[in-house]
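> mind folding the following:
(chains A and B)
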Amino acid sequence: MSRLVTRRSFIKGTGAAIAAIGMSRLVPLPSFDRIMTTAARTYSSFEDVYRQKWSWDKVTWGTHLVDCYPGSCSWRVYTKDGVVFREEQGAQYPQVEDRVPDMNPRGCQKGGCFSEVMYGSERITYPLRRTGERGEGKWERITWDEAMTTIADAILDAVESHGPESIIHEFGSGEGGVVHGALPSWRLTRLLGGTVLDSNGLTSDFNVGMYETFGKFQFASSIDDWYHADLILMWHMNPLYTRIPSAHYIMEARYNGARIVSIAPDYNASTIHADLYVPVVPGTDAALALAVSKIVIDEGAYNAEFVKEQTDLPLLVRSDTRRYLRQTDVEGKGREDQLYFWDAKANELARASRKTLDLGDTDPQLEGTFSVKLADGSEVEVQPAFALLREHLEQYTPEHASQTTGTAAGTIRRMAKMVIAAKRIHILQGFNTPKYYHGDLMERGMALLLALTGNFGRQGTGMRGWNSSQLVMANNLKAKPGFEGFMELATNQLDLEKKLHHEDPDLTAEMLAIGVEREEATNSALSPLRMSGMMIPPHFYWYWHAGYKDVWNKREWADTGMKRRFDEYFQEAVDKGWWDGVVQPAQDQTPQVLLGACGNTLRRTRGGAKQLLNHAWPNFKLVVTTDYRMSATGRQSDIFLPAAAYYEKTDFRFPTAHLNFLVFTEKAVEPPGEAKEEWEINWLLAKKIEERAKARGVNTYKDRRGREFKFSGLLDRYSYNGEVGPSEGEKIAEDLIFDTVRAGALPEKTNLNTFRKKGIVRFTHVGIDAVGMNMATDIEKDKTINPLQWHTRDKLPYPTYARRIQFYIDHEWFLEAGEQLPVHKPTPKMGGDFPLTMTSGHQRWSIHSMWVVNQVLARTHRGHPTLCMNPDDMKQRGIADDDTVLVHNDMSSFKVRVKISPSCRPGQVVIYHAWEPYQFPGGKSYDVAIPGLIKWLHLAGGYGHLRYYRWNWVPQQVDRAVSVEVEKTA
Amino acid sequence: MAKNGKTAAPAVTHKAQNQLAMVFDLNKCIGCQTCSVACKTLWTRDEGTDYQWWMTVNTLPGKGCPMDWEQMGGGYRDGVPQEGTLPTRDEFGGGWDFNYDEVFYQGKGNTVHLQPVGKKPTWGPNWDEDQGAGEYPNAYYFYMPRLCNHCTHPACVEACPRGSMYKRPQDGIVLRDEENCRGLQFCAEACPYKKIYFNYVKKVSQHCIMCFPRIEQGVAPACARQCPGRLVFVGYLNDAERPIHKLVNKWEVALPLHPEYGTDPNIFYIPPLSPYRLKEDGSLDTETPRIPNEYLERLFGPRVHKALNTMKSELAKVRAGGKSELLDTLIVYRWHTLFEPFTRDPVEVGGPQTVQVL
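From the prediction side, this is the model:
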């Protein structure tokens, strides 16, 4: 018998046996090892045994649809006997620019063993229903029809009893597909009028400080652009852990002459390849950035031309009110946001253009004090923001900053010297800053340093936010597929743009695109489907429904800069209408159904394992998890729906400008057991909801804003006017490509077959939506990508209140907080007053919690969660390596094993993100000890760019620098 | 398993016609374990190979894997075979099975958590990851990828009493005929690098085969081709036009690990640079290297100083605006040039292999 036949019949036989014996459905898939070694065989020589191992039946393209940055690694998936036996990088990335290294091979150890996850014990392959208590681990297998009926009825009950907003959809970071993953459930939830929580708000990946400064954060260089830098500051990024496939550019830039500096509390893995290590006390980076900025200014080493043209620093600020001088002040009428500078050439007041950054014949003053006559006849003293900044920075001498940052004054001076000498500085800052309470201040400080030295808009310069643009994902909004659906959207978009243009004729294309997004976010004005808001900031849900009101109002843990109670700020923000359109679910609208799509809210939500479980969970009538693997949230669910994994469906990884390639995955094998593609799962659910509504005799209903929804026709609306069947997800993939080609962001004639052949295609344009426009740059076929060039080269204004890179924010709350300019502020004592500071960072062995429990990966490290600790701190507490300790604060406690780490800063303990809670004794992970505060100031609104739209200006929880104590335990 | 009292056969050099070699640039290694996983998914998924990692990446300074392997002897001194220790299963560690079923399905809630079944692990293939040495803020470490050195003077081959091991003449890859092997493990005792494992199911010794089935098809080994850090050069040592020869023989920046073990390894390493140390007052200590020179000398021998100086002076040259052929080579503008002539895409090999199954 040939080996092939043996293996095929083995798999087939096992499947049948599992189906036959009832409870064994819960038994994991047949072990891969055993499949590979069943057949007895003889070879002509010993070496043939190994030659035969490296053989396959077919090769397909694969990528991993995860929220990893930048991800988009293209793999070849090798299948033998109906089983994916391994994957290897496709390595087809072309060299983009001459003399800049190519991106190959791209891919890390996680991607290299996804096939292990597919067949691992964590895989779920049948719909399950809880039979014991939530989280107890007692399940029964049910049919898809039973599962859908249960969910549909719970949704109908929720709509009836509490309104559609009580259906919560958690996006999570577990899925990066654009056809499947979380998107079908997103669409269905919106069609029902439910609450889709903002995914950036959930993950805390919103770079607030960048947004405050640029009016956007969705811009980033391509990774090969790092190579052009001559000074790379790794600052709040640990690329050796978190950017494994991209990190080579740092070392290659070094060989190309760049100097590498690592700024971090601990001597992290990335630091080993640096030239200079700059140690800092956790949470004090703003002081460091400001100290270096001060030296740059004091030595006259700033780029005055860039500062005058691109930033708000020449704009005049009134000494009496500390607010900008406005047209309404000067003329008694006109625009509030028409601001001024003092023109040195004419020696007179000049309006700062809202249309262009081009200064023409004017030359703004950066220094001095001027007197201006107002419309009411009074005279006020005004100063350029730059003069205020210079004065403000007086407190940041290297010696003074040194006391805050713990960085020696000499090191600060050394760093400043490197900054001044460099021609192209790139700050590699990741998603760590937004997870600090005052992370926005750190980012504003970094941006200041780069703006002062003119390091934006040229190859090799800048800092990074996040960008997922290029691909026109109209599929989320379209009512019909194809060109017709596209035109419906385009028509609505034009109407909206006209309206916006009428309100302000000086809007750029980028600002119009943002405006349209905002209209969709708050009024569902773009999609002809008239669904509920695109996404909803999660803080109302947390505050009113998940017990965070108590935590956020705890005075002892609060930001010492707060003049009032958190509650007061919260109420004021709501009362002033700063969040109108997205205040949802309402305070009296208890969430009823949780639809978790490939996310892991009980792992991710800071403090959620405590707060959500104790406050939201008891009220949920039904918790549903759709995933391919058992997560902590899956364990606490009522229904588990098994999803197809990444090599079992056709999809693309959402693209990012870091890479600028659209990367394809296709079906190598059928999903195992009864697992299904997410498009089909939600198709079945839409159908069932419609059926059940009819049977129960209900149809129309309204949400709190009076919008009317109907159950009848739900499936038609979900399935693009009935045109995409349950197993026709590929049609959506095809449609996405066509829309993107139409928008000019993919080469003409690109279609699914192009991807089947090539696996990847490079984008030709940044895309047409707000996210794309935020890049503000052209994509050239033979150049690395650097954003913001439409501003720096073409002089288009930035989408901030001041229409410039904005360092002076004169919003009333920012003035109240004393944060009108970037400033250092101490991290609040979150969790209480304890001697150790617990920080975190993404770990090397997982993407969020994906892969973290996989057996193969768990064998590449200690296989259990660890808390890294400095040997001195361990010694003081009588702790030895690998001891179990109790980590506790006033929030909660958890047990974990210690890993000795001489690289850890004394006083700092590091627990990397993101272990599954069920890897900890008692199921209590480090997440329970994190209070999950949001910064009160981020509730501000009603000011230029400080207004919510999807992924932007969204309050988010912080988790870095939590106060804890650690003691030895059994 | 204790010491091997046996004296190995007299040293013989097994000169291959062509010798395959690899150079690992440690200044690009990111410790990500992708090479290890690439190897694992290809060769050691069978029963009995659970704990085997033919390709490991450890943090140095550290005890490595098997634990304290540098103290286990083997190899040669002045051509004389040295007594070696057989590493125990515990010294390798790893290969754990976890209690998934208990955590997910047995109704035990949070009274159980995910952990290895059986004995609590105390060591594994990467147990002291990122630990290193030194004191904050002058801690230091670097990553050391290790696989079989496919030595020119392989102690394992000479130690095998059954003649099961051989060095292929066409490429110098060291292999073992597993059908002839009886699991006596003299090879593992003799190997000074302790990169030979024991398959407890098949009762044979096993080690890295340098992906010879790939090499034969013109495809680079999985560990090298899948390395996202682009730091592994593959080629013939005597191929004068290609990087390996230049790095090893011309610029002399690539050195074997523990040359004093006397086996003439064919895996070479570019030694690690490190950030300046910081003095008490935070100023830079430009005199004392962060990674002590003595430590690097212990690993790579006295030639390490010249290699490091060459790297530093080439870096300085480029930073001053000059050109460096050495650094240009290490940058690797085009990925496939790492592997010439083994640059074929596996896909081109053409689907199902044509090996005759009898």
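
> any chance you could map the strands in the stretch 1-150 of chain B?
Taking DSSP state E, counting those that start in this stretch as the criterion, the stretch 1-150 of chain B carries its strands at B:20-25, B:56-60, B:76-77, B:80-81, B:142-146.

> ok, which stretches of the stretch 151-300 of chain B are strands?
B:165-167, B:174-176, B:197-199, B:204-206, B:232-236, B:255-256, B:267-270, B:277-278, B:284-285.

> could you dump these into CSV and include mean neighbour count, distance to A:Gly209 and mean pLDDT?
For glycine as for every other residue, the C-beta is placed from the backbone atoms N, C-alpha and C. Below are the strands of the stretch 151-300 of chain B laid out as CSV (neighbours: other CB atoms under 10 Å in any protein chain shown; distance: least, CB to CB, whole Å; pLDDT from 0 to 100):
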stretch, mean neighbour count, distance to A:Gly209, mean pLDDT
strand B:165-167, 20, 60, 96
strand B:174-176, 23, 56, 97
strand B:197-199, 23, 50, 98
strand B:204-206, 22, 53, 98
strand B:232-236, 24, 39, 98
strand B:255-256, 24, 46, 98
strand B:267-270, 25, 39, 98
strand B:277-278, 20, 28, 95
strand B:284-285, 14, 30, 90
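
> looking at the chain, which helix is longest?
Here I'm looking at chain A. The helix that spans the most residues within chain A, counting by DSSP state H, is helix A:482-503.

> actually, chain B is the one I wanted.
In chain B, with assignment by DSSP H, the single longest helix is helix B:303-319.

> average pLDDT across it?
Mean pLDDT, helix B:303-319: 98.

> contacts for that helix?
The contact list for helix B:303-319, computed with CB atoms under 8 Å, 6 or more residues apart in numbering or on different chains, reads A:254-257, A:259, B:27, B:251-255, B:259, B:270-271, B:273, B:293, B:296-297, B:300, B:323-324, B:326-327.

> hmm, back to that, go through the longest helix of chain A and flag the buried ones.
A:482, A:485-486, A:488-489, A:492-493, A:496-497, A:500 (16 or more other CB atoms under 10 Å in any protein chain shown).

> closest point of chain A to chain B, which residue?
The nearest approach of chain A to chain B comes at A:Ala408, 1.7 Å away (CB to the nearest CB).

> tally of neighbours for that residue?
Neighbour count for A:Ala408, taken as other CB atoms under 10 Å in any protein chain shown: 22.

> which residues of the stretch 101-250 of chain A score low on pLDDT?
Along the stretch 101-250 of chain A, segments meeting pLDDT under 70 span A:173-174.

> redo that, cut-off 50
Filtered on pLDDT under 50, the stretch 101-250 of chain A yields no residues whatsoever.

> residues from it in reach of chain B?
Neighbours of chain B within the stretch 101-250 of chain A, by CB under 8 Å from any CB of the partner chain: A:101-102, A:104-109, A:112-113, A:115-116, A:121-122, A:132-133, A:135-139, A:240, A:244-245, A:247-248.

> which strands or helices does the longest helix of chain A pack on?
When contacts are defined as 3 or more CB pairs under 8 Å, 6 or more residues apart in numbering or on different chains; DSSP states H and E, helix A:482-503 packs onto helix A:509-523, helix A:729-742.

> mind telling me which of those the model trusts least?
helix A:509-523 (a mean of 92).

> buried stuff in that helix?
Here helix A:509-523 shows A:510-522 as buried, counting by 16+ other CB under 10 Å.

> which parts of chain A belong to which domain?
Domains of chain A are assigned by automatic domain parsing as A:1-54, A:128-205+A:470-537+A:579-644+A:671-747, A:208-302+A:392-468+A:808-817, A:304-389, A:836-968.

> quote the end-to-end distance of the second one.
Criterion CA to CA, to the nearest Å; first-to-last residue distance in domain A:128-205+A:470-537+A:579-644+A:671-747 is 44 Å.

> cool, and the third one?
Domain A:208-302+A:392-468+A:808-817 has an end-to-end distance of 16 Å (criterion: CA to CA).

> and what of the last one?
One end of domain A:836-968 to the other measures 14 Å (CA to CA).

> that domain and chain B in contact?
Yes: with CB under 8 Å from any CB as the criterion, chain B is reached by domain A:836-968 at A:844, A:853, A:855-864, A:868, A:870, A:882, A:899-906, A:916, A:918-924.

> what's the PyMOL line that selects buried ones from those residues?
Selection of buried members from those for PyMOL, criterion 16+ other CB under 10 Å:
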select buried, chain A and resi 844+853+855+856+857+858+859+860+861+862+863+864+868+870+882+899+900+901+902+903+904+905+916+918+919+920+921+922+923+924
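
> so which of the buried residues of helix A:482-503 is the closest to B:Ile244?
Nearest to B:Ile244 among the buried residues of helix A:482-503 is A:Phe486, at 53.8 Å by CB to CB.

> can you pull out the low-pLDDT segments for chain B?
If you take pLDDT under 50 as the line, chain B has these spans: B:1-13, B:353-358.

> just the closest residue of it to chain A, please.
Per CB to the nearest CB, the residue of chain B with the smallest distance to chain A is B:Gly282, at 1.7 Å.

> residues touching the nearest residue to that residue once chain neighbours are set aside, list them.
Leaving aside its sequence neighbours, B:Gly282 sits nearest to A:Ala408 (CB to CB, 6 or more residues apart in numbering or on different chains; 1.7 Å). Neighbouring residues of A:Ala408 by CB under 8 Å, 6+ apart: A:402, B:278, B:281-283.

> scan the residues you listed and report the most crowded one.
B:Leu278 (22 neighbours).

> quick one: the nearest residue in space to it that is not next to it in sequence from B:Glu280, how far?
Nearest residue to B:Leu278, sequence neighbours excluded (CB to CB, 6+ apart): B:Pro137, at 5.3 Å. Using CB to CB, to the nearest Å, one gets 10 Å for the distance from B:Pro137 to B:Glu280.

> which one of these two is surrounded by more residues?
B:Pro137 (25 against 7).

> phi, psi of the more buried one?
The phi/psi pair for B:Pro137 (degrees, to the nearest 10) reads phi -90, psi 10.

> A:Trp226 now?
Given degrees, to the nearest 10, the pair of backbone angles that A:Trp226 has is phi -60, psi -30.

> same deal with A:Ala645?
Backbone torsions of A:Ala645, given as degrees, to the nearest 10, read phi -90, psi -180.

> cool, A:Trp61 as well?
phi -90, psi 150.

> number of residues surrounding it?
Going by other CB under 10 Å, the residues that sit close to A:Trp61 add up to 23.

> residue contacts, it?
Counting by CB under 8 Å, 6+ apart, A:Trp61 makes contact with A:74-77, A:90, A:664-666, A:755-756, A:759.

> neighbours of the residue nearest to A:Lys435 when sequence neighbours are not counted, how many?
Nearest residue to A:Lys435, sequence neighbours excluded (CB to CB, 6+ apart): A:Arg960, at 4.7 Å. By other CB under 10 Å, 25 other residues sit near A:Arg960.

> all set, thanks.
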